[in-house]
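1. only geometry, no sequence info:
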């Protein structure tokens, strides 16, 4: 006699219980989903260049009995670049996804950055900066999430005196990373780095230039904060150097 058909949950329980690892992975994906949803909440173009829709959040798809919450990202045209670039630093792309990093097209990059890029600049991947305590996105003065972009090819403004987002170029200018226009400065601080420094106030404060280096070092057991440039420790940059300490660093300088 045939019984009542089982639901997926009942079948999972009957076969030894749900896949807790996959469930945890899906839960960790909330950070990147929240970042994208926050950014697109007012009907803007999504980071991938598409109009706001259910496709913004990576779909959780069951593959061989496991959940892959990043399947949509892995179909993205710049996923391969992101995977290879992070791989050179020993960072699995899934780890970066849980931190709010995601592949992005040129159109999506222009939306995040707030200015147009040279034709054919291409895309890369976006790096979200989240508050290490609350997990919500850090923001620029105009309230937009602070998200930087690393490009697959350096973005080049070749013409002398060509208008740039940050002023005028005195020479050919190429940038591998770009920040949103008028966004100010933030430091890349992971939650586990914040916890470590709060629990160990006499521990050394490790600073490196670059978010990727900071994540790679932290994953290797060296809690590290990433700066967005050589003046990233400063609240403002002046003609003679940095002005004041970036407020993000103050809790660790007591």
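-> Perfect, thanks for sending it. Note that this is a predicted model, so its numbers are computed, not measured. Residues are numbered from 1 along each chain as shown.
2. contacts, neighbours, all on C-alpha from now
-> Will do.
3. could you pull out the strands for the protein?
-> 61-63, 66-68, 101-104, 124-128, 147-157, 163-164, 167-168, 173-178, 207-209, 225-227, 234-238, 241-245 (DSSP state E).
4. Point out the other helices and strands that the fourth one packs with.
-> Packing contacts for strand 124-128, counted by 3 or more C-alpha pairs under 8 Å, 6 or more residues apart in numbering; DSSP states H and E, involve helix 79-87, strand 101-104, strand 147-157.
5. Most tightly packed of the ones you listed?
-> Ranked by mean neighbour count, the helices and strands packed on strand 124-128 are led by strand 101-104 with a mean of 27 (mean count of other C-alpha atoms under 10 Å).
6. Partner strands of that one and their direction?
-> Its sheet considered, strand 101-104 pairs with strand 124-128 (antiparallel) by DSSP bridges.
7. tell me the angle of the strand it pairs with relative to strand 173-178?
-> Interaxial angle, strand 124-128 versus strand 173-178 (axes from the mean of the first three to the mean of the last three C-alpha atoms, to 10 degrees): 50 degrees.
8. can you list the residues that contact strand 124-128?
-> Residues from elsewhere that reach strand 124-128, judged by C-alpha atoms under 8 Å, 6 or more residues apart in numbering: 35, 78-79, 81-82, 99-106, 109, 137, 145-153, 211.
9. got a list of what residue 180 touches?
-> 112, 113, 114, 146, 147, 148.
10. before we move on, the earlier item: among the strands of the chain, which comes closest to residue 191?
-> With C-alpha to C-alpha as the criterion, residue 191 lies closest to strand 225-227 of the strands of the chain, at 10.5 Å.
11. helices and strands around the closest one, which ones?
-> Secondary-structure packing of strand 225-227 (3+ C-alpha pairs under 8 Å, 6+ apart): strand 207-209, helix 211-219.
12. rounded to a whole number, what's the mean pLDDT of that strand?
-> For strand 225-227, mean pLDDT is 97.
13. returning to what we had before: quick one: which of the strands of the chain is nearest residue 187?
-> strand 225-227 (5.3 Å).
14. right, so the helices and strands packed on strand 225-227: which one is the most enclosed?
-> helix 211-219 (a mean of 20).
15. which residues are contacting that helix?
-> 86, 89-91, 127, 188, 190, 193, 207-208, 223-228.
16. List buried residues within those residues.
-> The neighbour-count test (16 or more other C-alpha atoms under 10 Å) marks 86, 90-91, 127, 188, 190, 193, 207-208, 223-228 as buried among those.
17. Could you single out the nearest of these to residue 174?
-> residue 228 (15.7 Å).
18. Quick check, pLDDT for the nearest residue to residue 74 once chain neighbours are set aside.
-> Nearest residue to residue 74 in three dimensions, chain neighbours excluded: residue 80, at 7.9 Å (C-alpha to C-alpha, 6 or more residues apart in numbering). At residue 80, the model reports a pLDDT of 96.
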